[in-house]
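Chemist: Prediction below, plus the sequence it came from.
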Amino acid sequence: MAIGYEFLKLSLFCLLFSSLSIARTPPAPKFPSSINIKPEKLSSSKQNHKLYRTKFFTQTLDHFNFYPKSYHTFQHRYLINDTFWGGAKKNAPIFVYTGNEGDIEWFTQNTGFMFQTAPRFKALLVFVEHRFYGKSIPFGGNKDVAYTNASTLGYLSSTQALADYANLIVDLKNNLSAIDSPVVVFGGSYGGMLAAWFRLKYPHIAIGALASSSPILGFENLTSPYSFNNIITQDFKSDSENCYKVIKGSWQQLEDIGKTPQGRRLLRRSFKLCKNYEDVSYSLESWLQTAFIYTAMTDYPTPSNFLNPLPAYPIKQMCKAIDNPTTGNDTFAKLYGAATVYYNSSGTVKCFDIDDDSDPHGLNGWEWQACTEMILPTEGNTNDSIFPASDWHYEDRVSYCKSAYDIEPRRNWITIEFGGNDIKRVLKRFGSNIIFFNGLRDPWSGGGVLKNISNTIVAIVAKEGAHHVDLRFSTKEDPKWLKEVRKQEIKIIAGWISQYYQDLAHLSF
C-alpha cells in the first residue's frame with residue numbers, strides 16, 4: 001500500500017494559498033484540497049446513514065443580478081436529521097452547519113458536537129453543502145463544465161454561498177411550517193467564517209452563530225503573515241527544543257544531499273519512496289512540511305481520523321520519534337519516524353508516493369477562491385521559524401492567478417464586504433450572539449477573534465486547543481478544559497434560544 005501526497009497549496013481546512021517558501025524557486029503552484037493524502041474515504045456505513053438523510057434544493061445560480069442566466073438553477077445538497085426535533089408546533093430550534101470548501105458528508109461526520117447537543121435542545125440538524133463542492137455543482141452537476149474557466153467559476157464566492165444558505169433555510173422553514181423556529185448556525189474553519197458572516201449579514205434568519213477556528217482576521221494588514229508558522233514553531237518547540245532544532249536544521253541537509261545521484265538514492269531509501277522523483281529533495285521538503293503543518297492543526301488530545309488516522313497529541317509523538325536515541329545522529333531516520341506518525345500510523349504503508357495529487361474530498365475549488373477573494377497571507381517565516389526563512393509577496397499570488405485564470409485577486413474585498421478593521425469598535429455597536437472559539441495550538445488562531453468584543457460576541461480561547469476541536473464528537477478521554485469549553489458554548493446558545501422565546505412570546509401579544 002502506498003500513501004500519496006503532492007504538497008501543493010493548502011485550502012481552507014488549511015486556508016493556505018502557497019506552500020512554505022524554501023530556498024529554491026518553487027514550481028508553479030497548485031492547490032490541494034484540505035488534504036490530498038488519501039485518507040479514509042467518506043464512510044457510507046449504516047451508522048452514518050442514521051446520522052442524516054440526503055436532500056436536494058433547487059438553488060438560484062446568481063442571487064445578485066437579474067440577467068437571464070442569473071435565473072439558472074442547480075441542485076443544492078443538504079443533509080438533515082430530525083431524530084431529536086421537537087417539531088414546528090413547538091417552535092423547536094434548527095441548527096444549521098454552513099458548509100466548507102468540500103464534501104458536506106466529510107464535515108458532517110466530523111461535527112459530533114451538533115449531534116450530541118441536539119437532544120438537549122430538541123433541535124433539527126441541517127448541514128448545507130457549499131456551492132461548487134461535493135454534489136452541489138452548478139451547470140447540470142457537471143464539474144468539468146462548472147470548473148471550465150472564470151466565466152463559470154465566477155459564481156463561486158462566499159457571498160453567493162451565504163445567499164444560498166439564506167435561501168435554503170427560508171424555504172425549508174416554510175415547507176416545515178416552522179416560521180418561528182429559531183436558527184443557530186455552526187461552522188468550523190472556513191465554515192466558521194461563513195457562520196460568523198451569516199449572523200452579521202442575515203440576523204433576521206439566524207439568531208446566533210458558533211464560529212470555531214474561524215480566522216476572520218487572517219487577511220492582509222490585519223494579521224502578520226508570520227503568525228501562522230510562528231505558532232507551528234512554538235507548538236513543536238514547546239514540546240521539545242531538540243525536536244524543533246532537528247526539524248529546523250533539516251531543510252538545508254535535504255537540499256544539499258539531493259544534489260548528487262548518490263544523495264538522491266539515499267533519500268529514496270531513507271524515506272521508503274515508491275519511485276524515483278525528478279526533484280526528490282523539493283518533493284520531500286513539501287511532503288514533510290505538510291505533515292508538520294497538518295499535525296499542528298490537528299494536535300488533538302484524543303485519537304482522531306479527520307485528515308489521517310492520528311494518535312492523541314500527535315506532535316508529542318512526532319517529537320518522541322525525533323528524540324529517539326536509537327536513531328543517533330541520523331537526521332533522515334528521525335524525520336522518517338516523525339512523518340510516519342502522520343502518514344502511516346497504522347504501520348501498513350510499505351512505500352510513499354509523495355507526488356500524488358489526488359483530491360479525495362473534492363476541495364480543489366479553493367484555488368479559485370484564493371485567487372479571487374480569500375487572500376490569507378500565511379507563508380512568512382522568521383529566522384527562528386521551524387521552516388526556512390521567507391517572506392510573503394502578494395505579487396506571487398497575482399502572477400499565479402493571472403496564469404491560471406487570467407484574473408487578478410480583489411485584494412481587500414473580504415474586509416470591505418464583511419469588515420475586520422477595528423472589529424471591536426465596529427461590532428460592539430451592532431453585532432450580537434456570536435461565539436468565536438480558538439485553540440492556541442492551532443496556527444489559524446493567529447487570525448481569530450481572541451478577546452470578547454461585547455457581552456454577546458464572545459471569545460472562548462483554549463491554550464491547549466487545536467483546529468475546531470470543540471466541534472468534534474466528545475469522548476470519555478476528553479480533557480477537562482475541552483469539556484468546559486463545550487459546556488460554556490451550550491450555556492451561551494441556551495441563553496440565545498431562551499431570549500428568543502421570551503421575545504417571541506412578548507411580540508405575540
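Modeler: Structure received.

Chemist: pLDDT below threshold where in this structure?
Modeler: Residue ranges of the chain with pLDDT under 70: 1-49, 508-509.

Chemist: quick one, longest helix in it?
Modeler: Longest helix in the chain, counting residues (DSSP state H): helix 480-508.

Chemist: Give me the buried stretch members for that helix, please.
Modeler: For helix 480-508, the neighbour count (16 or more other C-beta atoms under 10 Å) marks Leu482, Val485, Arg486, Glu489, Ile490, Ile492, Ile493, Trp496, Ile497, Tyr500 as buried. All C-beta spots, glycine's among them, are computed from the backbone N, C-alpha and C.

Chemist: could I get those as JSON lines with distance to Asn142?
Modeler: Output for the buried residues of helix 480-508, formatted as JSON lines (distance: C-beta to C-beta, whole Å):
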{"residue": "Leu482", "distance to Asn142": "43"}
{"residue": "Val485", "distance to Asn142": "42"}
{"residue": "Arg486", "distance to Asn142": "41"}
{"residue": "Glu489", "distance to Asn142": "40"}
{"residue": "Ile490", "distance to Asn142": "42"}
{"residue": "Ile492", "distance to Asn142": "43"}
{"residue": "Ile493", "distance to Asn142": "40"}
{"residue": "Trp496", "distance to Asn142": "41"}
{"residue": "Ile497", "distance to Asn142": "41"}
{"residue": "Tyr500", "distance to Asn142": "42"}
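
Chemist: Helices of the stretch 1-150 of the chain, start to end?
Modeler: 46-51, 104-108, 112-121, 143-146, 150-153 (DSSP state H, counting those that start in this stretch).

Chemist: How about residues contacting the longest one?
Modeler: In other words, helix 112-121. Here helix 112-121 makes contact (C-beta atoms under 8 Å, 6 or more residues apart in numbering) with 51, 81, 83-85, 92-93, 95, 97, 123-125, 186, 470-474, 486, 489-490, 493-494, 497.

Chemist: and the residues you listed, which of them are in strands?
Modeler: Applying DSSP state E to the contacts of helix 112-121, the entries found in strands are Asn81, Phe95, Tyr97, Leu124, Leu125, Phe186.

Chemist: beta partners of the third one?
Modeler: For Tyr97, the beta-bridge partners are Phe127, Phe186 (DSSP bridges).

Chemist: That one reaches Val184, doesn't it?
Modeler: No. Judged on C-beta atoms under 8 Å, Tyr97 makes no contact with Val184 at a distance of 10.3 Å.

Chemist: got the contact list for Phe436?
Modeler: Ala196, Ala211, Ser214, Gly448, Val449, Leu450, Ile457, Val458, Ala459, Ile460.

Chemist: Apply the buried test to these and list what passes.
Modeler: Among the contacts of Phe436, those that count as buried by neighbour count (16+ other C-beta under 10 Å) are Ala196, Ala211, Ser214, Gly448, Val449, Ile457, Val458, Ile460.

Chemist: Quick check: the last one vs Ala211, distance?
Modeler: This points to Ile460. From Ile460 across to Ala211, the span is 10 Å (C-beta to C-beta, to the nearest Å).

Chemist: what's around the closest residue in space to Asn412 that isn't next to it in sequence, how many residues?
Modeler: Distance criterion C-beta to C-beta, 6 or more residues apart in numbering; nearest residue to Asn412, sequence neighbours excluded, is Glu220 at 7.1 Å. Using other C-beta atoms under 10 Å as the criterion, Glu220 is surrounded by 16 other residues.

Chemist: and what of Phe56?
Modeler: Phe56 sits with 13 neighbouring residues when counted by other C-beta under 10 Å.

Chemist: Next: Lys55.
Modeler: 14.

Chemist: so what's it up against?
Modeler: By C-beta under 8 Å, 6+ apart, the contact set of Lys55 is Arg77, Tyr78, Leu79, Ile80.

Chemist: close enough to count as contact, the second one and Leu168?
Modeler: In this case it means Tyr78. Yes. The pair Tyr78 / Leu168 is scored as a contact, 6.4 Å apart, by C-beta under 8 Å.

Chemist: Among those two, which residue is more densely surrounded?
Modeler: Shown here are Tyr78 and Leu168; by other C-beta under 10 Å, Tyr78 has more neighbours (26 against 20).

Chemist: The nearest residue to that one once chain neighbours are set aside: how many residues sit nearby?
Modeler: Counting by C-beta to C-beta, 6+ apart, Val128 is the residue found nearest to Tyr78 once chain neighbours are left out, at 4.6 Å. Neighbours of Val128 under the rule other C-beta under 10 Å: 27.

Chemist: show me what contacts Val128?
Modeler: Counting by C-beta under 8 Å, 6+ apart, Val128 has contacts His76, Tyr78, Val96, Tyr97, Thr98, Gly99, Ile104, Asp164, Tyr165, Leu168, Ile169.

Chemist: so how far is Ile169 from the closest residue in space to the first one that isn't next to it in sequence?
Modeler: The shortest distance from His76 to any residue other than its chain neighbours is 3.7 Å, reached at Gln59 (C-beta to C-beta, 6+ apart). Spatial separation of Gln59 from Ile169 under the definition C-beta to C-beta is 12 Å.

Chemist: Name the nearest of the contacts of Lys55 relative to Lys248.
Modeler: Leu79 (43.2 Å; C-beta to C-beta).

Chemist: about what we covered before: overlap in contacts of Ile460 and Ala211?
Modeler: Both Ile460 and Ala211 are in contact with Ile435, Phe436, Phe437, where contact means C-beta under 8 Å, 6+ apart.

Chemist: Ignoring the adjacent residues along the chain, who's closest to the second one?
Modeler: Beyond its immediate neighbours in the sequence, the residue positioned closest to Phe436 (C-beta to C-beta, 6+ apart) is Val449, lying 4.0 Å away.

Chemist: Pretty sure Val458 is one of the things the one you found touches, is it not?
Modeler: No. In this structure, Val449 is not within contact of Val458 by C-beta under 8 Å, at 9.1 Å.

Chemist: Tell me how far Ile414 lies from Asn381.
Modeler: Separation of Ile414 from Asn381 (C-beta to C-beta) stands at 24 Å.

Chemist: What of Asn412?
Modeler: Counting by C-beta to C-beta, the separation of Asn412 from Asn381 is 24 Å.

Chemist: likewise Ser181?
Modeler: Applying C-beta to C-beta, the value for Ser181 to Asn381 is 48 Å.

Chemist: again with Asn65
Modeler: Taking C-beta to C-beta as the measure, Asn65 and Asn381 are separated by 42 Å.

Chemist: more neighbours, the two?
Modeler: Just comparing Asn65 and Asn381: by other C-beta under 10 Å the higher neighbour count belongs to Asn381, 23 against 10.

Chemist: backbone phi and psi for that one, please?
Modeler: Torsion angles at Asn381 (phi, psi; degrees, to the nearest 10) stand at phi -140, psi 120.

Chemist: what's the neighbour count on the closest residue to Gly188 other than its chain neighbours?
Modeler: Counting by C-beta to C-beta, 6+ apart, Gly188 lies nearest to His468, which is 3.3 Å off, once chain neighbours are set aside. Using other C-beta under 10 Å, His468 is surrounded by 31 other residues.

Chemist: Look up how far Asn100 lies from His468.
Modeler: Per C-beta to C-beta, His468 is found 10 Å from Asn100.
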